[in-house]
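Enquirer: Need a 3D model of the sequence below.
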Amino acid sequence: MPLDDDVVESIYREHGPALRRFVISASKDPQAAEDVVQETVLRVWQHAPDIDGSLRSYLYRTARNIMIDNYRRAQRRPESLEGSPDAAGVREKVDELLTRVLVEEALLRLSREHRDVLVALHYRRLTVNETAVQLNIPSGTVKSRAYYAVRALRTILDEMGVEQ
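Expert: Down below sits the predicted model:
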């Protein structure tokens, strides 16, 4: 049963800009990106799927699949492929971007304390002692929070349907 127009409009308004940025970063063609975003929202509207996890992750997966389908379609027309990267390279880049977006979304679901420790240790590459000084907490607390934060992050990513 298709979704009503108001729901689709709110999906497009709420998730459209982030989805467009994701697609543009993979394709570098704003017009093609807009086509993919519209096709993604259209598919959600037509199929009205039962989404167990995050709607945003579902939209990104759908957009990724549309980009791969478009690439495969273009491959069947060799005259339009001059200078384009191979399918595996495109797939890897899209997968990497999707993973980055999903991890960022998962990080936002963590408590502030857990997120601060993970960002300091893994993104800023600080040591446990440097993190303890920066966050003004004991180094044992940094280790404990890091342990529980990684466990919570894995759970969140599992709920979002991220495999690895």
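Enquirer: what bits of the chain have low per-residue confidence?
Expert: 1-4, 48-53, 77-88, 163-164 (pLDDT under 70).
Enquirer: which residues are contacting stretch 57-67?
Expert: Here stretch 57-67 makes contact (C-beta atoms under 8 Å, 6 or more residues apart in numbering) with 11, 15, 19, 22-23, 26-27, 36-37, 39-41, 43-44, 49, 51, 90, 94-95, 98, 101-102, 105, 160-162. In short, each C-beta sits where N, CA and C put it, glycine included.
Enquirer: now stretch 90-109
Expert: Taking C-beta under 8 Å, 6+ apart as the rule, stretch 90-109 contacts 18, 22, 25-26, 54, 56-57, 60-61, 64, 67-68, 71, 115, 118-119, 153, 156-157, 160, 162, 164.
Enquirer: redo that, cut-off 7 Å
Expert: 22, 25-26, 54, 56-57, 60, 64, 67-68, 71, 115, 118, 153, 156-157, 160, 162 (C-beta atoms under 7 Å, 6 or more residues apart in numbering).
Enquirer: Check those for burial and list the buried ones.
Expert: 22, 26, 54, 56-57, 60, 64, 67, 71, 115, 118, 153, 156-157, 160, 162 (16 or more other C-beta atoms under 10 Å).
Enquirer: ok, of the residues you listed, which one's closest to residue 129?
Expert: Nearest to residue 129 among the buried ones among the contacts of stretch 90-109, counting by C-beta to C-beta, is residue 118 at 16.4 Å.
Enquirer: With adjacent residues omitted, what lies nearest to the closest one?
Expert: The shortest distance from residue 118 to any non-neighbouring residue, by C-beta to C-beta, 6 or more residues apart in numbering, is to residue 149 (4.9 Å).
Enquirer: Same question for residue 146.
Expert: Distance criterion C-beta to C-beta, 6+ apart; nearest residue to residue 146, sequence neighbours excluded, is residue 117 at 5.1 Å.
Enquirer: pretty sure that neighbour is touching residue 130, no?
Expert: No: at 11.7 Å, residue 117 and residue 130 do not qualify as touching, with contact defined as C-beta atoms under 7 Å.
Enquirer: Between these two, which is the more surrounded one?
Expert: Using other C-beta atoms under 10 Å as the criterion, residue 117 and residue 130 rank with residue 117 on top: 29 against 15.
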